[in-house]
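# Next comes the sequence, and after it the predicted model I'd like to discuss.
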Amino acid sequence: MQQRLHKRMEAPGGTGNSVKWAYEESNRWGYLTDDFALCQIGTQQSPIDLKLSGGISHTHCPRFNYSNPVTGHLHNWGYGPSMTFNHPKGKYTCLPSMSFQEKAGQANETVYLTGWHIHAPADHTVEGYRSRAELHFVHVDAKGKPRAVLAFRIDPGTCDSRSSFLDDLPELVHCKDMKTMKTVKNFMPKAVLAEVGWFHEFWTYKGSLTSPPCTEGIRWFVARNVLYVGDKQMQDILYHSKYAARETQEIWQHQINV
Ligand SMILES: [Zn+2]
């Protein structure tokens, strides 16, 4: 699956609109075409600045069923390393899944992990601080519509920091251009959760895709713990990435941690 620069949607299920856009002009996306209007007038746009002072979430706790290894292909999503998991066409329920309660009293909702991609620098900020990169685990509903994203902020750690998530992948050199793909077998998404304390502490809110068409209806889960990587690992990510951060959006109807 070849991705083209400036035409890539944040996640599978986009409209396929071919209007060109650029991260460097993220405050103008809404003027480019009516299809991107939500980027300008939406009430739950992402990313946002999160506050430590606001506390973390005690509701919407995600429950993971990431036990099984998956096979997929490592490639470049147009802006950095990414991996898309294999599944029968149109069928998502065989993928690793996550459940959460959207509203108190409602039944749990299950969403399916179709893959991940990395933004550099990070999309979300915390108290105004922007990490060097952010990993997104994209989840869709049973019909393939993007529904929830797990966000892991990435920064270089101390001298001994290494991320086993990155260690377990083949060299990211396969992400150097957008045509090359490398098959990865037995990838364990669960291992990434362990690196941020199993996602026990997080912020959650109602948001959107962070690239055009800025579709809303996405539940975000942002890990409070940073995913610390080694200096060389950080440099590898940055080397294979292009600037991919949208300006943080004004908080409006996001219902953070509510
Ligand atoms: Zn993303």
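Good, I have the coordinates. Numbering: from 1, shown residues only.
# give the contact list for Leu95.
Shown in contact with Leu95 (CB atoms under 8 Å, 6 or more residues apart in numbering): Val70, Phe85, His87, Tyr112, Leu113, Thr114. Where C-beta positions appear, they are placed from N, C-alpha and C, glycine not excepted.
# What sits closest to it if chain neighbours are left out?
Tyr112 (4.2 Å; CB to CB, 6 or more residues apart in numbering).
# Test my guess that Trp116 contacts His139.
No - in this structure, Trp116 sits apart from His139 without contact. The criterion is CB atoms under 8 Å, and the distance is 10.3 Å.
# which of the two has more neighbours?
Taking Trp116 and His139 together and counting by other CB atoms under 10 Å, His139 has the greater number of neighbours (27 against 23).
# Closest one of the contacts of Leu95 to Ile256?
Leu113 (23.4 Å; CB to CB).
# who does the helix or strand the closest one falls within pair up with?
Per DSSP states H and E: Leu113 is located in strand 109-119. For strand 109-119, the paired strands and their directions (DSSP bridges) read strand 81-85 (antiparallel), strand 97-100 (antiparallel), strand 133-140 (antiparallel).
# Centre of the chain to the first one, how far?
Yep, that's strand 81-85 we're talking about. Here the centre of mass of C-alpha atoms in strand 81-85, compared against the chain's by CA atoms, centre = their mean, to the nearest Å, lies 11 Å away.
# which residues of the stretch 151-258 of the chain fall in helices?
Using DSSP state H, counting those that start in this stretch, the helices of the stretch 151-258 of the chain run over 164-167, 190-195, 231-239.
# Who is Ser208 paired with across the strands?
Glu216.
# And it, how close does it get to Thr248?
Relative to Thr248, Ser208 is positioned 13 Å away (criterion: CB to CB, to the nearest Å).
# Could you do Pro81 as well?
Applying CB to CB, one obtains 23 Å for the distance of Pro81 from Thr248.
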